[in-house]
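**Q** Sequence and predicted model, in that order:
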Amino acid sequence: MAFGSKRTWLLRYGLASVGLVWATSLLLPALLRRSWISEKRKDPARRVVLWVQKWQLQGLAFFVLPLYHRSATYPSRNTLFMILLALAALAATIDVIYDEYLTRKAWLLGVFLAFTAFACANLTLPMIWRVGDRWTLAVSALLATSVFVSFWARHVSEKGRSLWQVAAVGLLFLLVVTVWLPVVPPAPLRLVSAAFGTSLSEDRLDVSTALPALSPASEGLLHLVAAIQAPAGLAEGVRHVWSLDGRKVSESRLIGMTGGRAQGFRSRSSALLRGLARGQRVRVDVETGWGQLIGRAEIEVR
């Protein structure tokens, strides 16, 4: 976890770890059926392979945890993904769960490794190869679906069912992976700062005066300037979604941003607010074009 916050270049080996675990998981059952391995050596051989897998998965899971945590917003829908990621890390750490439960059921191991592959690819592509926007989603979703389908195909063959079931379940899994994207923290994007104001500065890069709260008598345009940090060379689209006490008020156009600035790329938007009452809260969700929550800014009416 300490390395994950500072040695992000090591992520390029994360996909290799996923590939190693994926390949050995598919080959292990066939290997143990070979006659040249005696019965008394099959269980020790299996445990050696599982030990290597756990060693790879533990390192990967605890490596990506701080990177996703840095981009997550709490409380929000990101919380569910972080809980699943923490549970995946623990599952790879506790021997009895991984050895005797996860690896004994092909479809369950497929879900576990598909989730791990998605989490790794979704983070590695933008951070190492500067691949963003729809390509990250497409590659991560296809990789996760391929991992799951490979294990489901083995499960179906063992049950003697049709391969049409494999295609149907694979398509369903792809849809699930695609639909659940808003739950995933938009790592490596991170909201650095956000400020509300009634007017913009002369260079229009910030608000003239940051407001700590709003007055009930306030009427007119309210501006928000949000700074988003991203790796150099990464291009993304973000939007601001304004709401009042949970009711959506307005939504900005898609704002193109480019990473690499230490202070963050500044995005701005405005909303017309009238008839405010004490105790109300104005909230702006800064999201990607795919609905991933980058961060949230709130201001109260006092």
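**A** Everything's here; your move. Numbering: from 1, shown residues only.
**Q** Quick check, residue 276 in contact with residue 222.
**A** No: Residue 276 is not in contact with residue 222 according to CB atoms under 8 Å; the separation is 9.7 Å. Where you see a C-beta, it was placed from the backbone N, CA and C, and this is true even at glycine.
**Q** Common neighbours of those two, please.
**A** Common contacts of residue 276 and residue 222 (CB atoms under 8 Å, 6 or more residues apart in numbering): residue 214.
**Q** which residues touch the most centrally placed residue in the chain?
**A** By CA atoms, centre = their mean, the mean C-alpha position of the chain lies nearest to residue 184, the distance being 3.4 Å. With contact taken as CB under 8 Å, 6+ apart, residue 184 is in contact with 78, 81, 122, 292.
**Q** rerun that using 7 Å as the cut-off
**A** Residue 184 sits next to 81, 122, 292 when contact means CB atoms under 7 Å, 6 or more residues apart in numbering.
**Q** Closest to residue 107 out of those?
**A** Ranked by distance to residue 107 (CB to CB), the contacts of residue 184 are led by residue 81 at 21.1 Å.
**Q** and the residue nearest to the centre of the chain, how far is that from residue 173?
**A** 16 Å (CB to CB, to the nearest Å).
**Q** so residue 223 makes contact with residue 201?
**A** No: using CB atoms under 7 Å, residue 223 is not in contact with residue 201; the gap is 10.1 Å.
**Q** what number of residues lie near the nearest residue to residue 79 once chain neighbours are set aside?
**A** Leaving out its chain neighbours, the residue that sits closest to residue 79 by CB to CB, 6 or more residues apart in numbering is residue 72, at 7.4 Å. Other residues within reach of residue 72, judged by other CB atoms under 10 Å, total 21.
**Q** any shared contact partners between residue 223 and residue 201?
**A** Applying CB under 7 Å, 6+ apart, one finds that residue 223 and residue 201 are jointly contacted by residue 207.
**Q** which one of these two has more residues nearby?
**A** Shown here are residue 223 and residue 201; by other CB under 10 Å, residue 223 has more neighbours (19 against 12).
**Q** Quick one: name whatever helix or strand follows the host helix or strand of the more buried one.
**A** Using DSSP states H and E, residue 223 sits in strand 220-229. Per DSSP H and E, the first helix or strand lying C-terminal to strand 220-229 is strand 235-244.
**Q** now the angle from that next one to strand 220-229?
**A** Inter-element angle recorded for strand 235-244 and strand 220-229: 140 degrees (by axes from the mean of the first three to the mean of the last three CA atoms, to 10 degrees).
**Q** what distance separates the start and the end of stretch 237-251?
**A** End-to-end distance for stretch 237-251: 14 Å, by CA to CA, to the nearest Å.
**Q** Going by neighbour count, list what's buried in that stretch.
**A** 237-244, 249 (16 or more other CB atoms under 10 Å).
**Q** who touches it?
**A** Outside stretch 237-251, the residues within contact range by CB under 7 Å, 6+ apart are 133, 224, 228, 252-257, 267, 269, 271, 280-289, 294.
**Q** Now which of those residues would you call buried?
**A** Buried by 16+ other CB under 10 Å: 224, 228, 252, 255, 257, 267, 269, 271, 280, 282-288, 294, out of these.
**Q** low pLDDT regions in this protein?
**A** For the chain, applying pLDDT under 70 flags the ranges 1-6, 157-161.
**Q** Right, I'll call it a day here.
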